[in-house]
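# Dropping a prediction and its sequence here:
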Amino acid sequence: MYDIAVIGGGVVGCAVARELSRYNASVCVIERQSDVCMGASKANSGIVHAGFDAARGSMKARYNVRGAEMMPELCAFLGVPYMNNGALVVAFSQPERSEIERLFAQGKENGVKGLRIVERDELLLLEPKLSPDAVCALLAETSGIVSPYELTFAMADDAAVNGAQFMLDKRVSGAKRTDKGWQLSVGGDESVECRLVISCAGVHAGEIRELFGADSLKIIPRRGVYYLLDHEEAPAFSHTMFQTPTPMGKGVLVTPTTHGNLLIGPTAEDIENADNTACTNEELQKALLMAKKTYPALSLRTNITNYAGVRAHPEDDDFHIGEISGAEFVLEASGIESPGLSAAPAIGESLAALAAEKLSLTKKSSVLPPVQQKKPFREMNDDERREACKADAEYGAVVCRCETITLAEIRASLRRPVPARTVDAIKRRTRAGMGRCQSGFCLTRVMEAIAEEEGIPLTRVTKQGAGSEIAPEYIGDVLRKEADDGKN
Ligand SMILES: Cc1cc2nc3c(=O)[nH]c(=O)nc-3n(C[C@H](O)[C@H](O)[C@H](O)COP(=O)(O)OP(=O)(O)OC[C@H]3O[C@@H](n4cnc5c(N)ncnc54)[C@H](O)[C@@H]3O)c2cc1C
């Protein structure tokens, strides 16, 4: 019996779990996928929005502004890459200027600091590769970029070190009220009992409401596709470059990432199947065309991969954070589309406090410090590299050549408090496979590390959980048969 069960291990669920781990309470996170950070939290723009886009008085505005305020300190505490690079929302015509002025006024009302309107000449000095068609822009100095998965993993690890339990590959498919709280069905005959539930189920939040017999909430899955360009000494833009927003969202942006890549996207397409993260040619072409408005010299020569994320767009266009009416002792963070990544720390803080109030929880007198990840090998100088190799010879084995990731780092990711168990989980924790060759070189060595650590045959190593085995038994059978046939 847990005090609190959090449904969903995205950035919001992990932020909630981390804050709850500061209280004297037993906490579990139930995630239907093979790892945390498998939903929208792994496939977004990584922008810590300043807070000028959301309508005044909305939950989005409130949580965005507070979350963005918390983010620099939180990232420093957890050792997560964060950069305060600032954002520019560019107008390309005089009618768009009035929208820029509206955003400026709205941002001030929302309490966002460091906003000003920049005229064309200054704008082109700030960002020389910007289209000369730009008229003016809103500069948001407090906007930043973060690694969304590293933030999620670090919060999950910190929660786990402080007592939260993570149950992966468990989908909550039913909920029964008991005299002590709730009994959640999580597959087969298994169930989890708890006093209070917090739903952080992303694009599936509406279905979770239904499980608890509460009023439904319509969530429209809205997909966006991206181009990721290889990292360079200096990405083409230092600021996050937005276009003037439309009713479908913030438009296609061009932004550096915390690892020095250039990211282009996302589009906005309403889809039926919330789990469909396909990148269609049509949307990719749209993204390219729109991005060229900002960056006319854009070339796809260094495009290393494409991906898509699905926003949980609530019909009423605002976050739902708090108690679910009609379901006792069930809280939620639903309809958390953008700026949900920016808002996550604030949502965690607020929902944990509400849960503590409802269950009369007290704060722990002390908490364990976060597990500090070692400095990445690729960022070490020669002396540091020599010392690292002396202490652990596996630092001498570079597994991913594109990103310079060593076997020691891959092993460490398999031993984190919420450990990597799949190829993609290692990729997101270490960057092995994120480079130009997209794991063409390192895949087999990463698979070997997983097989060794988990004590399983290579045939059971998966890309991202059951059903995604990379070298399943039957391939071995086929190869053996081919070899035999060749011999005969
Ligand atoms: C294209 C795109 C761009 C974005 N850009 C930005 C940005 O730049 N800045 C920003 O602030 N925000 C951005 N966002 C929004 C941000 O990514 C999301 O708001 C945030 O990731 C939501 O986190 P979450 O934890 O609520 O959802 P998710 O990350 O989707 O996590 C929900 C989890 O719940 C699990 N789950 C669902 N149902 C069940 C069940 N029945 N049982 C168990 N587990 C379940 C899922 O498997 C999933 O892991 C963007 C989103 C998208 C899609």
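Perfect, thanks for sending it.

# I'd like the average pLDDT over stretch 318-325.
Mean pLDDT, computed over stretch 318-325, is 97.

# what's the offset of that stretch from the middle of its chain?
Distance, stretch centre to chain centre, for stretch 318-325: 21 Å (C-alpha atoms, centre = their mean, to the nearest Å).

# list the buried ones in it?
The neighbour-count check on stretch 318-325 (16 or more other C-beta atoms under 10 Å) flags 318-321, 323-324 as buried. Glycine gets a C-beta too; all of them are placed from N, C-alpha and C.

# Can you measure across that stretch, start residue to end residue?
Start to finish, the residues bounding stretch 318-325 are 16 Å apart (C-alpha to C-alpha, to the nearest Å).

# Ile470 and Met447 touch, don't they?
Yes. Counting by C-beta atoms under 8 Å, Ile470 does reach Met447; the two are 6.3 Å apart.

# Need the residues touching each of these two.
Listed as contacting both Ile470 and Met447 by C-beta atoms under 8 Å, 6 or more residues apart in numbering are 423, 461.

# Pick out the residue of the stretch 201-350 of the chain closest to the ligand.
Closest residue of the stretch 201-350 of the chain to the ligand, C-beta to the nearest ligand atom: Gly340 (1.9 Å).

# residues near that residue, how many?
Using other C-beta atoms under 10 Å, Gly340 has 27 other residues around it.

# Now do the contacts for it.
11-12, 40, 312, 319, 347.

# can I get these in TSV with secondary structure and distance to the ligand?
Shown next, in TSV, are the contacts of Gly340 (DSSP: H, G, I helix; E, B strand; the rest coil; distance: C-beta to the nearest ligand atom, whole Å):
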residue	secondary structure	distance to the ligand
Val11	helix	5
Val12	helix	3
Ala40	helix	4
Ala312	strand	7
Phe319	coil	9
Ile347	helix	8
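
# Please parse the protein into its domains.
As assigned by automatic domain parsing, the chain contains the domains 81-144+223-305, 377-479.

# In JSON lines, list the ones you listed along with mean neighbour count.
Shown next, in JSON lines, are the domains of the chain (neighbours: other C-beta atoms under 10 Å):
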{"stretch": "domain 81-144+223-305", "mean neighbour count": "18"}
{"stretch": "domain 377-479", "mean neighbour count": "18"}
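
# Could I get those in JSON lines, plus columns for mean pLDDT?
Formatted as JSON lines, the domains of the chain follow (pLDDT from 0 to 100):
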{"stretch": "domain 81-144+223-305", "mean pLDDT": "94"}
{"stretch": "domain 377-479", "mean pLDDT": "94"}
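
# could I get these as JSON lines with distance to the ligand?
Formatted as JSON lines, the domains of the chain follow (distance: least, C-beta to the nearest ligand atom, whole Å):
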{"stretch": "domain 81-144+223-305", "distance to the ligand": "3"}
{"stretch": "domain 377-479", "distance to the ligand": "11"}
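
# just so I know, which of those domains lies nearest Val161?
Closest approach to Val161 among the domains of the chain (C-beta to C-beta): domain 377-479, 5.1 Å.

# Over to that closest one now: how far is its first residue from its last?
By C-alpha to C-alpha, one end of domain 377-479 lies 37 Å from the other end.

# hang on, the earlier thing: just the closest of the contacts of Gly340 to Met241, please.
Lowest distance from Met241 to these (C-beta to C-beta) belongs to Ala40, with 21.8 Å.

# doesn't Tyr307 make contact with that closest one?
No. Look at Ala40 against Tyr307 with C-beta under 8 Å: they stay out of range, at 11.6 Å.

# neighbour-wise, which of these two wins?
Neighbours per residue (other C-beta under 10 Å) separate Ala40 from Tyr307, with Ala40 holding more: 26 against 17.

# ok, the more buried one - contacts?
If you count contacts by C-beta under 8 Å, 6+ apart, Ala40 has them with 10, 202-203, 309-312, 337, 340.

# Which residue ranges of this structure form helices?
11-20, 59-78, 94-109, 120-126, 148-161, 205-211, 281-294, 340-359, 382-391, 407-413, 423-430, 443-454, 473-487 (DSSP state H).

# Quick one: closest of these to Pro247.
Of those, nearest to Pro247 by C-beta to C-beta is helix 94-109, at 11.6 Å.

# For that closest one, give me every contacting residue.
Contact with helix 94-109 is made by 50-53, 55-56, 89, 91, 115-117, 135-138, 140, 244-245, as judged by C-beta under 8 Å, 6+ apart.

# Next, work out how far apart the closest residue to Asp424 other than its chain neighbours and Ala420 are.
If the residues on either side of it in the chain are set aside, Asp424 comes closest to Gln464, at 4.4 Å by C-beta to C-beta, 6 or more residues apart in numbering. Distance, Gln464 to Ala420, using C-beta to C-beta, to the nearest Å: 11 Å.

# anything in contact with each of those two?
Common neighbours of Gln464 and Ala420 (criterion: C-beta under 8 Å, 6+ apart): Asp35.

# Kindly export stretch 295-304 (C-alpha atoms) in CSV.
C-alpha atoms of stretch 295-304 as CSV (Å, rounded to 0.1, in the frame of the first residue of the first chain):
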residue,chain,number,x,y,z
TYR,A,295,16.7,31.0,-42.0
PRO,A,296,16.8,31.3,-45.8
ALA,A,297,20.2,29.7,-46.1
LEU,A,298,19.1,26.6,-44.2
SER,A,299,20.6,23.5,-45.7
LEU,A,300,19.7,19.9,-44.8
ARG,A,301,23.2,18.7,-45.6
THR,A,302,23.9,18.1,-41.9
ASN,A,303,20.4,16.8,-41.0
ILE,A,304,21.1,13.7,-38.9
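
# where does that stretch sit relative to the chain's centre, distance-wise?
Using C-alpha atoms, centre = their mean, the offset of stretch 295-304 from its chain centre is 24 Å.

# Begin at 43 from now on, thanks
OK, 43 is where the count begins now, so the last one is stretch 337-346.

# ok, now how distant is Gln75 from the ligand?
Separation of Gln75 from the ligand (C-beta to the nearest ligand atom, to the nearest Å): 5 Å.

# dump the residue contacts of that residue.
51, 81, 210-211, 506-507.

# rewinding a little: okay, and which of the contacts of helix 136-151 map to strands?
In strands, defined here by DSSP state E, the members of the contacts of helix 136-151 are 131, 133, 157-159, 178-180, 182.

# got JSON lines for these, with distance to Lys218 too?
Shown next, in JSON lines, are the ones in strands among the contacts of helix 136-151 (distance: C-beta to C-beta, whole Å):
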{"residue": "Val131", "distance to Lys218": "48"}
{"residue": "Ala133", "distance to Lys218": "54"}
{"residue": "Leu157", "distance to Lys218": "50"}
{"residue": "Arg158", "distance to Lys218": "55"}
{"residue": "Ile159", "distance to Lys218": "56"}
{"residue": "Cys178", "distance to Lys218": "57"}
{"residue": "Ala179", "distance to Lys218": "54"}
{"residue": "Leu180", "distance to Lys218": "50"}
{"residue": "Ala182", "distance to Lys218": "47"}
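
# Which one of these is nearest to Pro114?
Ala182 (14.6 Å).

# That closest one bridge partners, please.
Ala129, Leu157 (DSSP bridges).

# Who are the contact partners of it?
92, 94, 128-131, 149, 154, 156-157.

# Now with 10 Å, please.
91-95, 110, 128-131, 145-146, 149, 154-158, 281-282, 284 (C-beta atoms under 10 Å, 6 or more residues apart in numbering).
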